[in-house]
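S.K.: Quick one: sequence plus predicted model below, questions after.
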Amino acid sequence: MVQQYQHVPLQDPRSVRVIRLDPASNRTEPLCCTLEEVSLDASPEYTALSYSWDAQKPSCPIGCRRGTLYITPNCVSALRQLRDEHGVQTLWIDSICIDQTSLEERSSQVALMGEIYKKAKEVIVWLGESDSSTKQAIQCLSDISQIGGEMDVESKERAMRLLFGLEAKSESEDPIGPLFRRSWFHRMWTIQEVTL
């Protein structure tokens, strides 16, 4: 019988946990990690992951040295995409690093979230698995970002029409809209995570 992972209580009010995600040579290998307590005052290096739980239940197992953690399918997708082939990834992910069974810990860690995101070396936003409409939206945003750079006149005009919404006659013709309809953009923490 697999033992469910039990978070060790944090020793210091300025501490957080980080996940050390083991490398794997392909995306299908089982996810394995360790959790480690670090002090925010020690300037730890980690990447923060911002993603949406999508009302999913933590039902997917991930091996953690002293047991099995259960995480959401969306978190599994993000970890499989972020996992490095050769080196350990150090991440802060709220659903894993905060003991979700402890109201006291959740309260104290939520109070630190602004600082957690601000001190991260980078924040990765996981919008979910890619699909054709997402790829099209990303390409349009890439085109728009090139407006000031070297771009042919036709591409520049198309990018300007996209930017100002002149290209779409209906919602189905809006190449960028599907991206912004993803659940991540409708979460409570979105502004805090990105701006910090």
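M.R.: Thanks, I have the structure now. Just so it is clear, the model here is predicted, and its values are computed rather than measured. Numbers count the residues shown, from 1 in each chain.
S.K.: Could you list the low-pLDDT ranges of the protein?
M.R.: Along the chain, the model assigns pLDDT under 70 to residues 1-2, 53-55, 146-151, 155-156, 158-173, 177-196.
S.K.: quick one, strands of it?
M.R.: For the chain, strands defined by DSSP state E occupy the ranges 15-21, 32-39, 47-51, 60-64, 67-71, 89-92, 122-126.
S.K.: Name the residue most distant from the centre of the protein?
M.R.: Farthest-out residue of the chain from its mean C-alpha position, per C-alpha atoms, centre = their mean: Val153, at 36.0 Å.
S.K.: can you pull out the helices in this structure?
M.R.: With DSSP state H, the ranges of helices along the chain come out as 73-82, 94-97, 103-119, 132-145, 153-163, 177-180, 190-195.
S.K.: what is the orientation angle of the first one with strand 32-39?
M.R.: Between helix 73-82 and strand 32-39, the angle formed by their directions is 90 degrees, by axes from the mean of the first three to the mean of the last three C-alpha atoms, to 10 degrees.
S.K.: can you start the count at 343 instead of 1 from here on
M.R.: Sounds good: first residue 343 from here, last item helix 415-424.
S.K.: buried sites along helix 415-424?
M.R.: For helix 415-424, the buried set under the neighbour-count rule, 16 or more other C-beta atoms under 10 Å, comprises Pro415, Asn416, Cys417, Val418, Ser419, Ala420, Leu421, Arg422. Heads up, the C-betas are built off the backbone N, CA and C, glycines and all.
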